[in-house]
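Novice: Need a 3D model of the sequence below.
(chains A, B, C and D)
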Protein chains: 2
Amino acid sequence: MEDDSNISELLAARGIRLTRQREKILAILLQQRDHPTASEVYERAKQKMPSISLATVYNSLEALARNGLLKQVNVDRAPTRFCANLEDHSHFFCERCGAIYDVEAAAAQLGNLPPGFVVFHADVALKGLCSTCSDLNV
Amino acid sequence: MEDDSNISELLAARGIRLTRQREKILAILLQQRDHPTASEVYERAKQKMPSISLATVYNSLEALARNGLLKQVNVDRAPTRFCANLEDHSHFFCERCGAIYDVEAAAAQLGNLPPGFVVFHADVALKGLCSTCSDLNV
DNA sequence: TTGCGATTTAGAATCATTCTTGATCTCGGG
DNA sequence: CCCGAGATCAAGAATGATTCTAAATCGCAA
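Specialist: Numbers count the residues shown, from 1 in each chain, chains lettered A, B, ... in the order given. Presented below is the predicted three-dimensional model:
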């Protein structure tokens, strides 16, 4: 599969040790871009790799995210979700159906910060209704 | 205490039932604006009200937040923090010392959303170094 | 004052996540 | 190609934040 060789290269390029588990997990994230939780990734991974453990899923997701191959997405208190879209983008959270969508990057227009404050990142989280759910309201 | 009578009024104005526990918890949040966690609020509340339970702190914080008297602040996976500043503002998270600061509201400049998407809120989370911690780097 | 429904309490339960331990695997060097 | 050091894995226990449960108590409207 070309995808898999691609994944090997991605991992190697980051100097991150290649294991079947990490390959599989990254493949899952690249394949179905619905921002799954660790448990959801675990369920999907078990189908092809029944012996994988949940702890390994957590470890692998952490390793991949630390090396910039995945992004973690947090919404309030809900379980962390993962995203293989490495482009600059923002996330939109549908308050009705709970789905997460990648949307065009929103820029944060900073107000005045107190002197000495240095901003490294500005994360913008959009919340509202997705097209499917706003239709239901009509 | 004028603060407390003020608090009673705040609660009453929202039609939220007045209890000693809720009064105390709101007073704590108004008094020390350092974005405490539920556990921190619990510790402070116990000093004056030793019989209060952690569950009550959670319940009260939830009730106050639901009625718009408090804001919940989430940073990644860390425990939820609470904020009595009802003005429009953003939060700045210091990546070194972990402190949270209220800062002037940052406006999110939305990109193009897919048709049918409706945005209700756009939360901007700023991360970087506060003045104290950036000084250490010089 | 009275009663009902909301709230409190204490502790158990839940849920996501992390840790621990011993087994297994990856990868560079020989 | 084979070996060994160190990284990673699996299984399950442990942790930590938060929520739930059940019974006692309280707030508020009539």
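Novice: so which residue of chain A comes closest to DNA strand D?
Specialist: For chain A, the residue closest to DNA strand D is residue A:56, as judged by C-beta to the nearest atom of the strand, at 2.8 Å. Placement of C-beta: from N, CA and C, glycine included.
Novice: and that residue, helix, strand or coil?
Specialist: Using DSSP: H, G, I helix; E, B strand; the rest coil, the three-state assignment for residue A:56 comes out as helix.
Novice: ok, now the one 5 residues further on?
Specialist: Counting by three-state DSSP, the backbone at residue A:61 sits in helix.
Novice: Could I get the contacting residues of it?
Specialist: Counting by C-beta atoms under 8 Å, 6 or more residues apart in numbering or on different chains, residue A:61 touches A:25, A:38, A:41, A:70, A:72, A:82.
Novice: what's the farthest-apart pair in these?
Specialist: A:25 and A:72 (13.6 Å; C-beta to C-beta).
Novice: residues of the lengthiest strand in chain A that come out buried?
Specialist: Of all segments of type strand in chain A, defined using DSSP state E, the longest is strand A:118-129. Of the residues in strand A:118-129, those with enough neighbours to count as buried (16 or more other C-beta atoms under 10 Å in any protein chain shown) are A:118, A:122, A:123, A:124, A:125, A:126, A:127, A:128, A:129.
Novice: Considering those, which is situated nearest to residue A:13?
Specialist: Each of the buried residues of strand A:118-129 was scored against residue A:13 by C-beta to C-beta, and residue A:123 proved nearest at 26.0 Å.
Novice: and the closest residue to that closest one other than its chain neighbours, what is it in contact with?
Specialist: Closest residue in space to residue A:123, ignoring its immediate chain neighbours: residue B:125 at 4.6 Å, by C-beta to C-beta, 6 or more residues apart in numbering or on different chains. Under the criterion of C-beta under 8 Å, 6+ apart, the neighbours of residue B:125 are A:122, A:123, A:124, A:125, B:75, B:90, B:91, B:93.
Novice: cool, and residue A:68?
Specialist: Remark: with contacts taken as C-beta under 8 Å, 6+ apart, residue A:68 is in contact with A:14, A:86.
Novice: backbone phi and psi for it, please?
Specialist: Comment: the main-chain dihedrals of residue A:68 come out as phi 80, psi 10, following degrees, to the nearest 10.
Novice: now the residue of chain A most remote from its centre, nearest residue through space, not along the chain?
Specialist: Among the residues of chain A, the one whose C-alpha is farthest from the average of all C-alpha positions is residue A:115, by C-alpha atoms, centre = their mean at 33.7 Å. Distance criterion C-beta to C-beta, 6+ apart; nearest residue to residue A:115, sequence neighbours excluded, is residue B:131 at 6.4 Å.
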